[in-house]
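Visitor: Output the structure for:
(6 chains)
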Number of protein chains: 4
Amino acid sequence: MGQKERRQREKMQRRTQILNAARALLLKEGFSKTSVNKISRKAELSIGSIYFYFKNKEEIFASLQQEGLEILHAYVNSETEGITDCRERLKKGAEAYYRFSRKHKDYFDVINYFLSSPQVFFSENEKRTIDSKGAMILENIANTVSRGVAEGVFVEDYPGNFAMLFWASLHGLIQMRKLQGTMLESEDFDTFFQYSVDKLIDSIRRK
Amino acid sequence: MGQKERRQREKMQRRTQILNAARALLLKEGFSKTSVNKISRKAELSIGSIYFYFKNKEEIFASLQQEGLEILHAYVNSETEGITDCRERLKKGAEAYYRFSRKHKDYFDVINYFLSSPQVFFSENEKRTIDSKGAMILENIANTVSRGVAEGVFVEDYPGNFAMLFWASLHGLIQMRKLQGTMLESEDFDTFFQYSVDKLIDSIRRK
Amino acid sequence: MGQKERRQREKMQRRTQILNAARALLLKEGFSKTSVNKISRKAELSIGSIYFYFKNKEEIFASLQQEGLEILHAYVNSETEGITDCRERLKKGAEAYYRFSRKHKDYFDVINYFLSSPQVFFSENEKRTIDSKGAMILENIANTVSRGVAEGVFVEDYPGNFAMLFWASLHGLIQMRKLQGTMLESEDFDTFFQYSVDKLIDSIRRK
Amino acid sequence: MGQKERRQREKMQRRTQILNAARALLLKEGFSKTSVNKISRKAELSIGSIYFYFKNKEEIFASLQQEGLEILHAYVNSETEGITDCRERLKKGAEAYYRFSRKHKDYFDVINYFLSSPQVFFSENEKRTIDSKGAMILENIANTVSRGVAEGVFVEDYPGNFAMLFWASLHGLIQMRKLQGTMLESEDFDTFFQYSVDKLIDSIRRK
DNA sequence: CATGAATGAGTATTCATTCAT
DNA sequence: AATGAATGAATACTCATTCAT
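Guide: Residues are numbered from 1 along each chain as shown, chains lettered A, B, ... in the order given. Got it, this is the predicted structure:
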């Protein structure tokens, strides 16, 4: 009776094992150098097993991205929950996203990879599940904006659009981090990021 | 007579031949699938010749990116020159950037690739020349902002920072284009982009 | 039933297959012209398989050298065992080494290659195993010398040193074989070799 | 009139230029990494010119070996001239050879390369000129031995053979240098080399 | 004499994936 | 459900040599 469940549990464990290995390699060696062979060695599972649990390499990374979006969502949530001031909420959320990009560089790189790569990689099915995670994050922002509007702090007719603009801008900003020391006017990136977030939030402030 | 020059010209043509092939492949097959072998086949030149004209694969792509930045700069310039109204200038510039990303998808992808890829790819030397091109584009924005401030249209203490924020946001936005139909509230991306640019420019408008 | 063992046996056979091919090519074409591609073709195995059985090209050659040292050791042993007269033992051993260099030209060339090539090729680990094989051969000589000293036939304070000198000289001599007919005074190399061995052994004879 | 000679002189200079470059690369990068392309770059001459002055790559290295043998000869001569004591002469000569192998590692490697490589590389013609250089060195040793015999210091019926044995042994010994720290009993190679030379000379000493 | 552009087979190694067991 | 041997095309890059100018 309990056999089925145990099996099921073991199956999930194997999956996790593989994802752990893939994630670790991703962080250490980067994207292009993370091969299925290496994953199998690190996960202490045969190559055959990898292909039993995942259709192909992409599916592994798609799973990783989903994971990443979940963690991102949880992280931003935990860093902003309890904050009632709407502007503060947006600000803290933005900072949390930036911190996430540094603390969870591996996950951020996965998310970034699929976001910025010009090719389409996922099946419609995969796309849908990934989108739903992303939507949660966007909703969070949009809700805060809506609340701000209701409270008279913000002025914004399209909270959903602003949420997307907000996220896109943050994402673009973080990518620019590598230009630190060259094109960047501010002494350090952190100051610049701070400045940018303030500017973005200011754009919907009631004057 | 003129032999030397003809040779020189032919040499430049070969270089162009190679870059054309590389660019075409980049657009069609994406980055990781664009190999030196394929470039040589497409350019109808031997592999050895590729390496005669370029030190390695990276140098090809670095050249492509430089080209791209130059074209981008020229394109945005041509689309904004003569416009005296500062807000209009920024707006048209942003739209030009977006149009560039679609009309010159190949070049945009190259620029985007190096901007968004987490690995560092270029030598200090290459980085410097590329940065200088990028700096020109940023300066263009910063100058317009400064002028706007002088004219009393804008309020902004750090035009350089804003220029960077502006560019980063536009870049982030364009990447989100692929989410059209899923996470995007606006019916179509163009409307959303328009909205976003207005928002960004509004954030430095004198009230 | 014996499936596992059969598999294991087959695996060893494949390894041998590869080493055979590598050895044959080494003998026929020399070192620098022995490529992994050629080995794979000769062994009738895919390139991938070669790399499944050996980490890289060096490991193949290291294996070959180890094999060679083992065979050399066994050969010299078999040719000298039972000989009680110490001088005779050394003499027969030296002759055996020379004969080995001709009968097992392939293995000798491998050993010679790594001994005489100015570059360091092996990892510390590989070096250690190879050294241990070489040490056995040296010990054999040193022991005979020591026994000779005990028996009053030889006079030598440093049997270990002499063993090395003995081996080094033999090795140097065999390399000179190719000068036969030019710089060599003796009509033929064999006579010269005989002469040399006598001379070397004589240098530790009690007078 | 003097034109021809100037031309001739320039031609020799070009040759020297090429050989200098080849030698320098040989020392810095080792054998297999010294390519004709690199030589041409280092020599500041076109590839075509290299092939005008040398039939192919091997010819360059053959020339280098000849040079090496000449320098070796001159070096050993200069270090032993004026020494009248025969045993001292041999000893100093041997030490000079060892020193040569370290001070002129590049030349020694070339000589060693062709001596120890199992393939035949040179045409009969090349072989002859190289042999003649080697013969000079051997003669030097043989003469000293002969003189020692005449003086009653040495006992040796075949000075030519001994000369060859002496050289071969020295050469073999120097190759063993890389085993320092593993198979070598003596703390350091220098001591061992000293020991070996004494032993070899001792083997022809009148008792 | 001298140049240097052009070649293309060659190098070692990695890779995602398949499939018989 | 799990294994791991086998594949072979693919990767970036190097090389000695040729030859038209």
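Visitor: rest of the way, CA atoms for contacts and neighbours
Guide: Will do.
Visitor: So for the one helix or strand A:S196 maps to, mean pLDDT?
Guide: Secondary-structure assignment from DSSP states H and E places A:S196 in helix A:189-202. Rounded to a whole number, the mean pLDDT of helix A:189-202 is 94.
Visitor: So if we follow the domain assignment, how does chain A break up?
Guide: According to the domain assignment given by automatic domain parsing, chain A is divided into the following structural domains: A:1-54, A:57-202.
Visitor: Figure out which of the ones you listed is closest to C:A163.
Guide: Taking Cα to Cα as the criterion, domain A:1-54 is the member of these that comes nearest to C:A163, at 45.7 Å.
Visitor: Give me the mean pLDDT for that closest one.
Guide: So the average pLDDT for domain A:1-54 ends up being 86.
Visitor: near DNA strand F, anything from that domain?
Guide: Yes - applying Cα under 7 Å from any atom of the strand, one finds domain A:1-54 touching DNA strand F at A:R7, A:K11, A:L45, A:S46, A:I47, A:G48, A:S49, A:F52.
Visitor: Just list the residues touching the most centrally placed residue in chain A, thanks.
Guide: Geometric centre of chain A, nearest residue: A:L69, 4.1 Å, by Cα atoms, centre = their mean. Contacts for A:L69 (Cα atoms under 8 Å, 6 or more residues apart in numbering or on different chains) come out as A:I111, A:I130, A:K133, A:G134.
Visitor: let's go with 7 Å and repeat that
Guide: Under the criterion of Cα atoms under 7 Å, 6 or more residues apart in numbering or on different chains, the contact partners of A:L69 comprise A:K133, A:G134.
Visitor: in the one helix or strand it maps to, what's buried?
Guide: Counting by DSSP H and E, the secondary-structure element that holds A:L69 is helix A:57-80. For helix A:57-80, the buried set under the neighbour-count rule, 16 or more other Cα atoms under 10 Å in any protein chain shown, comprises A:59-73, A:75-77, A:80.
Visitor: Return the per-residue confidence for the residue nearest to the centre of chain A.
Guide: Taking A:L69 on its own, its pLDDT is 85.
Visitor: So which residues on chain A come close to DNA strand E?
Guide: Selection of chain A residues close to DNA strand E by Cα under 7 Å from any atom of the strand yields A:32-38, A:47-48, A:51, A:56-58.
Visitor: mind redoing it with 10 Å?
Guide: Taking Cα under 10 Å from any atom of the strand as the criterion, chain A approaches DNA strand E at residues A:29, A:31-40, A:46-52, A:54-60.
Visitor: In this structure A:G172 contacts B:I174, no?
Guide: No - judged on Cα atoms under 7 Å, A:G172 makes no contact with B:I174 at a distance of 9.5 Å.
Visitor: Give me the more crowded residue out of these two.
Guide: Comparing A:G172 with B:I174 by other Cα atoms under 10 Å in any protein chain shown, the one with more neighbours is A:G172, at 27 against 21.
Visitor: Would you state the helices of chain A in chain order?
Guide: If DSSP state H is used as the criterion, the helices of chain A fall at A:2-29, A:36-43, A:47-53, A:57-80, A:86-103, A:105-116, A:124-151, A:159-175, A:189-202.
Visitor: if I look at A:R23, how far off is A:H73?
Guide: With distances defined as Cα to Cα, to the nearest Å, the gap from A:R23 to A:H73 amounts to 18 Å.
Visitor: Could you do A:R15 as well?
Guide: Between A:R15 and A:H73 the computed distance is 22 Å (Cα to Cα).
Visitor: ok, now A:V197?
Guide: Counting by Cα to Cα - A:V197 and A:H73 are separated by 19 Å.
Visitor: mind listing what's buried in stretch A:91-99?
Guide: Within stretch A:91-99, the residues that qualify as buried by neighbour count (16+ other Cα under 10 Å) are A:K91, A:K92, A:G93, A:A94, A:E95, A:A96, A:Y97, A:Y98.
Visitor: count of neighbours near the residue in chain A that chain D sits nearest to?
Guide: Among the residues of chain A, A:K33 lies nearest to chain D; the distance is 27.1 Å by Cα to the nearest Cα. Taking other Cα under 10 Å as the neighbour definition, A:K33 ends up with a count of 11.
Visitor: is stretch A:54-66 up against chain B anywhere?
Guide: No - on the criterion Cα under 7 Å from any Cα of the partner chain, stretch A:54-66 is out of touch with chain B, staying 14.0 Å away.
Visitor: who's in contact with that stretch?
Guide: With Cα under 7 Å, 6+ apart as the criterion, stretch A:54-66 contacts A:L19, A:V36, A:Y107, A:V110, A:I111, A:I130.
Visitor: need the residues you listed in a markdown table with neighbour count, can you?
Guide: As requested, the contacts of stretch A:54-66 are exported to a markdown table (neighbours: other Cα atoms under 10 Å in any protein chain shown):
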| residue | neighbour count |
| --- | --- |
| A:L19 | 20 |
| A:V36 | 17 |
| A:Y107 | 24 |
| A:V110 | 25 |
| A:I111 | 21 |
| A:I130 | 20 |
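Visitor: roughly how far apart are A:E156 and C:E81?
Guide: 99 Å.
Visitor: which of these two has more neighbours?
Guide: For the pair A:E156 and C:E81, the greater number of neighbours falls to A:E156 (18 against 11), based on other Cα under 10 Å.
Visitor: Near the nearest residue to that one once chain neighbours are set aside, how many other residues are there?
Guide: Of all residues not flanking A:E156 in the chain, A:I204 sits nearest, at 6.0 Å (Cα to Cα, 6 or more residues apart in numbering or on different chains). Other residues lying near A:I204 total 22 when counted by other Cα under 10 Å.
Visitor: what does A:N56 give?
Guide: As a burial measure, the neighbour count of A:N56 was computed by other Cα under 10 Å and equals 12.
Visitor: and it, backbone torsions?
Guide: Summarising the backbone geometry of A:N56 under the convention degrees, to the nearest 10, its torsions are phi -160, psi -170.
Visitor: Distance check, it against DNA strand F.
Guide: Computed with Cα to the nearest atom of the strand, to the nearest Å, the distance linking A:N56 and DNA strand F is 13 Å.
Visitor: Cheers, nothing more for now.
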